[in-house]
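In: missing the sequence, but the structure's below:
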């Protein structure tokens, strides 16, 4: 497929792809450029990418002081990590039992999983909110994490992966005297890293970006996740201080984008394997 | 060990029968233990809430008021006459009808261009995929700036060629299309990566066979090989794209709050407003049931189409 | 005029020369097997023939048509792929119909809904259906016509692939290891079938395989390709009995030919045990060290007497024959002998033996691999040389 030289068709193809990439990247370009502009610069010359006066520091300082960025990022990391760890701990043993052990409920559970795949958080949010309100658990990490501790998608993904693992591997482990928990810890998990990585990427991307549920259960800034924090920041910054807004945007977008750029091969594999998002 | 030795004796079946069923029972018990946390949590956070939503949909429950009564289908009857809800359904439909097909075909086209091109493959993939990995609330803010009627770069660009740009997010005639544009920007990379994986999985020999069989043009080879071989991928991408478009919320909440004049009111935003702002939980639950039914119908359609496709091996 | 002719075909990928000037002619109706180890360029040559790749230089003609620069679709060349490359979403009948649909219908006639409205479409489609039907009957796969490739066995898929290639009566028929995905039993059966089909179609066929047994048993002529060059093109018996190159001798024959490096004696002969052969004066002048090749079936074993002393290392009993692996006492080279069970009776591992070879069956190869002309030397000749 790779041909050397540049016939017209190939030049046209590259031009098309390049133009498309430019369009797709332009929001990032403007975000970075605007984060370094003064208010007057923004108002007068929106198409000039290089700021007339370098104002990066001032804008970042403003964004940093108005909203507690460290708290936001910390909350984001804690919530995503807690969700991920519990999801894996709950889903892996269940998927193993369904894939490799004989027990009567496996069929019924498969139906449950398939139905569960259909139900997004948006559908269960109302009763969950009422429930958390009743037990006084709003505005807490528990409220942010609990509904996502069960990931039927995770079970589904691991189930597919475990089914393709040879039964003999498990028989051999049993003959070696391992318990079922031992088999999961020492045989299944070490061999399931591709699936676990893929699921982790899927889970973190989904929950780092989620606005709906945090918006519902959190009204105290101390528990705000990044998307929610940015929403507060916008509300506080009524008016058009786009310089500071872009600086805040940049700070909040950066962690996941950096993670993606560093591990993009895994990201793409993960997305391809899970084939789902939020 | 006794079991192993016994199994080599002349009647292994009868000797092994008793310990065997014991092992089965042991295995089943272990399986239950391993699955128990997942089952419990599924009931707690999925089954129970779904049942509750369906039940609440038949009540006039409002947060802050104690007690409620069952009102039968009153909520649903109200939905039929609720102009906001109908507007919201229609807007969601229009949004999905734009975002899903455009992002699917754009992604397919780009994926084929990237697949055919030798150089820059991973650069292009990264560039188009970046929006998927970006915080959508943050990027929506950037788009708000880009779309800004007076200081935004898009209108500044249009002014260069003498066009007076519209008030993208501020006018009811354009707001839904502007949101759809953001939706497409956000979705293409994801679909693109799935299509690229699908394209890579097509055996090269099929293209050679198509050439030898007389498929002269690129279009003939696309019709004979690429399109049918991508069938399962396309179906999957389509389902996901439609479902995600129906679930649009973040951009609306961040940028327009359903406005102006309810022109960007979409399903999830309406449910959010009713349930968590006006606290009319019963009524919002009825809307949620409608939302769930839409998802179920979409999934059902996918399963039906998938069933009709013969499994390639 | 030959039915198919290749002239000095060269091809490089990324500066790596895959084909180094290959020339080949096929007579009408001839079956040519192209053999060689993997990576020798045989598949590339086939793809060039099919028009899937373009040669860097050289010329291809079929009949009087020059195919060199033509695209695959424009050549009247059919091909069976190793993976069969059947379209998985089409039934067997639809698969076989593809080349006819692509060639006989115009683009407008192929349109999904509008096609049937185009003039002449109905009749053309009916003809295609009839031709596909006939093909299926002749291949005895008419009962499979509604199945998709996923629902067929390997053997059935292979027949459908053959059908798809034959249905449009090509001028040249190419096959790329079409039997390699079948199990051993089916493979031997399918050899006969393909040869049969080839006879009936009477079209020159180029058949690529890495299996020398397949090549020898099926082809009219065998072309041995090694390292991008065509080393020999000859009927199977000639390839086996009269290899022109050491690589050809090594590649053909099972078990492999015995090869021994040795020095040419001062009298211009080389030999193994009692068997000796003489080389021409020119060759002797050019090379003092040569490689001697002896096929295992021409090695004889005796318990005592004259011959090369050796020790039996291992004996393989194969029913109709016995393979004796032994090691020469002097050089330490391994020698393989193929014996009848009667000849091999009583041999056991570790036993000292004497090895001899038939003098008229010695091949002598120069250091660059070329076969050197040699004549068997009789005892009387020896004496003559020594004393006269």
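Out: Noted; the coordinates are in hand. Just so it is clear, the structure is predicted and the values come from calculations on it, not from any experiment.

In: in chain A, where is pLDDT below threshold?
Out: Scanning chain A for pLDDT under 70 picks out A:1-6, A:45-46, A:237-240, A:271, A:273-278.

In: domain-wise, how is chain A divided?
Out: Domain assignment for chain A by automatic domain parsing gives A:8-64, A:68-236.

In: list the contacts for residue C:284?
Out: With contacts defined as C-beta atoms under 8 Å, 6 or more residues apart in numbering or on different chains, residue C:284 is in contact with C:264, C:268. (Glycine included, C-beta is placed from N, CA and C.)

In: quick one on the thing from earlier: JSON lines for the domains of chain A, including mean neighbour count and distance to residue B:175?
Out: Formatted as JSON lines, the domains of chain A follow (neighbours: other C-beta atoms under 10 Å in any protein chain shown; distance: least, C-beta to C-beta, whole Å):
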{"stretch": "domain A:8-64", "mean neighbour count": "16", "distance to residue B:175": "18"}
{"stretch": "domain A:68-236", "mean neighbour count": "19", "distance to residue B:175": "17"}
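
In: which of those domains sits closest to chain C?
Out: Ranking the domains of chain A by proximity to chain C (C-beta to the nearest C-beta) places domain A:8-64 first, at 14.8 Å.

In: can the closest one be found next to chain B?
Out: Yes: against chain B, domain A:8-64 shows contacts by C-beta under 8 Å from any C-beta of the partner chain at A:10, A:13-14, A:16-17, A:20-21, A:24-28, A:30-31, A:34, A:42-43, A:46-47.

In: narrow those residues to those in strands?
Out: Judged by DSSP state E, strands contain none of the residues of domain A:8-64 next to chain B.

In: what's around the closest residue to residue A:261 other than its chain neighbours, how many residues?
Out: Once flanking residues are discounted, residue A:261 sits nearest to residue B:126: 7.3 Å by C-beta to C-beta, 6 or more residues apart in numbering or on different chains. Per other C-beta atoms under 10 Å in any protein chain shown, the neighbour tally for residue B:126 reads 19.

In: for residue B:126, helix, strand, or coil?
Out: Following DSSP: H, G, I helix; E, B strand; the rest coil, the label given to residue B:126 is helix.

In: can you show me the helices along the stretch 251-388 of chain C?
Out: Along the stretch 251-388 of chain C, counting by DSSP state H, counting those that start in this stretch, helices occupy C:281-286, C:341-344, C:379-387.

In: what mean pLDDT does the last one get?
Out: Going back to what we said before, that points to helix C:379-387. The average pLDDT for helix C:379-387 rounds to 51.

In: with the shortest one instead?
Out: The pLDDT scores in helix C:341-344 average 87.

In: check which helices and strands it is in contact with.
Out: Packing partners of helix C:341-344 (3 or more C-beta pairs under 8 Å, 6 or more residues apart in numbering or on different chains; DSSP states H and E): strand C:299-302, strand C:322-328.

In: now those in CSV, with distance to chain A and mean pLDDT?
Out: Putting the helices and strands packed on helix C:341-344 into CSV (distance: least, C-beta to the nearest C-beta, whole Å; pLDDT from 0 to 100) gives the following:
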stretch, distance to chain A, mean pLDDT
strand C:299-302, 45, 89
strand C:322-328, 36, 93
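
In: now these as CSV including mean neighbour count?
Out: Listed next are the helices and strands packed on helix C:341-344 as CSV, based on neighbours: other C-beta atoms under 10 Å in any protein chain shown:
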stretch, mean neighbour count
strand C:299-302, 19
strand C:322-328, 19
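
In: which of those sits closest to residue B:21?
Out: Among the helices and strands packed on helix C:341-344, the nearest to residue B:21 by C-beta to C-beta is strand C:322-328 (52.7 Å).

In: partners of the closest one, with directions?
Out: Strand pairing for strand C:322-328, using DSSP bridges, gives strand C:308-317 (antiparallel), strand C:334-339 (antiparallel).

In: what's the most buried one of these?
Out: strand C:334-339 (a mean of 21; mean count of other C-beta atoms under 10 Å in any protein chain shown).

In: centre of the chain to that one, how far?
Out: 24 Å (C-alpha atoms, centre = their mean, to the nearest Å).

In: contacts for that strand?
Out: Here strand C:334-339 makes contact (C-beta under 8 Å, 6+ apart) with C:255-256, C:258, C:294, C:296-297, C:299-301, C:308, C:310, C:313, C:321-328, C:355.

In: one more time with 7 Å, if that's ok
Out: With C-beta atoms under 7 Å, 6 or more residues apart in numbering or on different chains as the test, strand C:334-339 has contacts from C:255, C:258, C:296-297, C:299, C:301, C:310, C:321-328, C:355.

In: what's the most distant pair in those residues?
Out: C:321 and C:328 (21.6 Å).

In: what's the burial count for the nearest residue to residue C:104 once chain neighbours are set aside?
Out: Nearest in space to residue C:104, with sequence neighbours left out and distances taken as C-beta to C-beta, 6+ apart, is residue C:124 at 5.3 Å. For residue C:124, the neighbour count with other C-beta under 10 Å is 16.

In: quick check, pLDDT for residue C:124.
Out: At residue C:124, pLDDT is 86.

In: try residue B:198
Out: We have a pLDDT of 87 for residue B:198.

In: what does the helix or strand hosting residue B:137 rub up against?
Out: Using DSSP states H and E, residue B:137 maps to helix B:136-147. Contact partners of helix B:136-147, identified using C-beta under 7 Å, 6+ apart, comprise A:27, A:30-31, A:34, A:209, A:211, A:227, A:230-231, A:234, A:242, A:245-246, A:249, A:252-253, B:131, B:152-154, B:168-169, B:178, B:182, B:186, B:250-251, B:254-255.

In: measure residue C:189 to chain B for me?
Out: 24 Å (C-beta to the nearest C-beta, to the nearest Å).
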